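Colleague: Sequence plus the predicted model coming up.
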Amino acid sequence: MPTNTVFALNVEAAGQSLTNIPADMVVFFETDSRGLNRSGGSELLSKKVSGVAVAFADGRALVVDPAEAQKLRWAP
């Protein structure tokens, strides 16, 4: 059974088929607070100075600076 996680679903990806989401769009991302079934946008991004984990529709996952994560694609 899943436990509380620090990851959330980009609300812009919710309910969409992966074929309808641009490859470079953020789908999952790291937040600062724990919870189940969290969704939202870049306002929930973690502020960790060591970097924030993001995963894209094309399957790539990166750890990027929080300021850079704000500049990523968050909507189709």
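Modeller: Looks like it arrived, so ask away.
Colleague: element containing the most centrally placed residue in the chain, please.
Modeller: By Cα atoms, centre = their mean, the chain has its centre lying nearest to Phe29, at 2.4 Å. Using DSSP states H and E, Phe29 sits in strand 26-35.
Colleague: what about that strand, average pLDDT?
Modeller: In this model, strand 26-35 carries a mean pLDDT of 92.
Colleague: tell me which residues in it are buried?
Modeller: When burial is assessed from 16 or more other Cβ atoms under 10 Å, strand 26-35 yields the following buried residues: 26-31. Yep, even glycine has a C-beta here, placed from its N, CA and C like the rest.
Colleague: mind listing the helices for the protein?
Modeller: Under the criterion DSSP state H, the chain contains helices at 66-70.
Colleague: I'd like the distance between the nearest residue to Ala53 once chain neighbours are set aside and Ser17.
Modeller: Distances taken as Cβ to Cβ, 6 or more residues apart in numbering put Glu30 closest to Ala53, at 4.3 Å, once the chain neighbours are dropped. Glu30 is 24 Å from Ser17, where distance means Cβ to Cβ, to the nearest Å.
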